[in-house]
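Student: Everything below, folded, please.
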Amino acid sequence: MAAALAMAALATGCGIRTTSVPVDAGPAPSRVPCDVPGEEAAAQTTGIAVRVFLVCGSQLDAVDRRSPLQEEKADGDPVRTAAALLAQLQSEPSQSERQAGFSTAVKGPLTVTGGRQGDPADTLRLSRQPEDLTATALSQIVCTFAGSPAGVGEDTVVLGGPGDYAPRRYRCTAEVRQRPDSAVPTAPTPPPRPSVS
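Tutor: Numbers count the residues shown, from 1 in each chain. So this is what the prediction gives:
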């Protein structure tokens, strides 16, 4: 009987207090390392260095890769940069990336082009509406583009789709990186570029 009482006391006295207020403690802990060994990144010497956001555990983490795009062609061309990054996001993670726990939610075929007449400057248009992508895939694209020359500053990127809908300015925030399956926040969209007469 004494042993049963001792077990009951131990089970109820674990030190965690109950609360009536919901507590957001962030993503669940993960046992995946989310760290690619440095040897692989160093072994990739051809192409230009790019940074893409892949899914690891329940969040987004930056991974350094090499793109076959030549540096002189990437400089100053946000559409070409975005296309190279999108190709990286659609490619399956390498063996060491998979072992480190990385995956991608961006599935092809998906392409990117420049904006149309009347779009804000630096608009990128995807071959599918951004809203039709999974939240995680859109989060990966937004964070990858926003942190590159394809972005428009302040961790944002202006994206549209093939339809006649106006493009929207998406923001890569700490919340998006921690919870990529939640809605990607938007910011005020820049005004359309002036039309050329």
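
Student: low-confidence ranges in the protein?
Tutor: Across the chain, the ranges flagged by pLDDT under 70 are 1-33, 38-46, 69-75, 193-197.

Student: Going along the chain, name the helices of it.
Tutor: For the chain, the helices defined by DSSP state H cover 2-12, 38-43, 71-74, 78-90, 95-99, 135-146, 174-178.

Student: Quick check, central residue of the protein?
Tutor: Taking C-alpha atoms, centre = their mean, the centroid of the chain lies closest to Gln140, which sits 2.1 Å from it.

Student: Does it touch Ala105 like I think?
Tutor: Yes: with contact defined as C-beta atoms under 8 Å, Gln140 counts as touching Ala105 (6.2 Å). (Each C-beta comes from the backbone N, C-alpha and C, glycine too.)

Student: What is the burial count for the closest residue to Pro190 other than its chain neighbours?
Tutor: Nearest residue to Pro190 in three dimensions, chain neighbours excluded: Pro120, at 4.1 Å (C-beta to C-beta, 6 or more residues apart in numbering). Pro120 has 18 neighbours, counted by other C-beta atoms under 10 Å.

Student: same question, Pro167
Tutor: Residues contacting Pro167 under the criterion other C-beta under 10 Å number 24.

Student: so it sits right up against Asp122, yeah?
Tutor: No: if you go by C-beta under 8 Å, Pro167 and Asp122 don't touch, sitting 9.8 Å apart.

Student: related to what we said a few turns ago, touching both of Gln140 and Ala105, which residues are there?
Tutor: Residues within reach of Gln140 and of Ala105 at once, by C-beta atoms under 8 Å, 6 or more residues apart in numbering, are Val55, Pro180.

Student: Enumerate every residue touching the residue nearest to the centre of the chain.
Tutor: Gln140 touches Val52, Phe53, Leu54, Val55, Leu60, Leu89, Thr104, Ala105, Val106, Pro180, counting by C-beta under 8 Å, 6+ apart.
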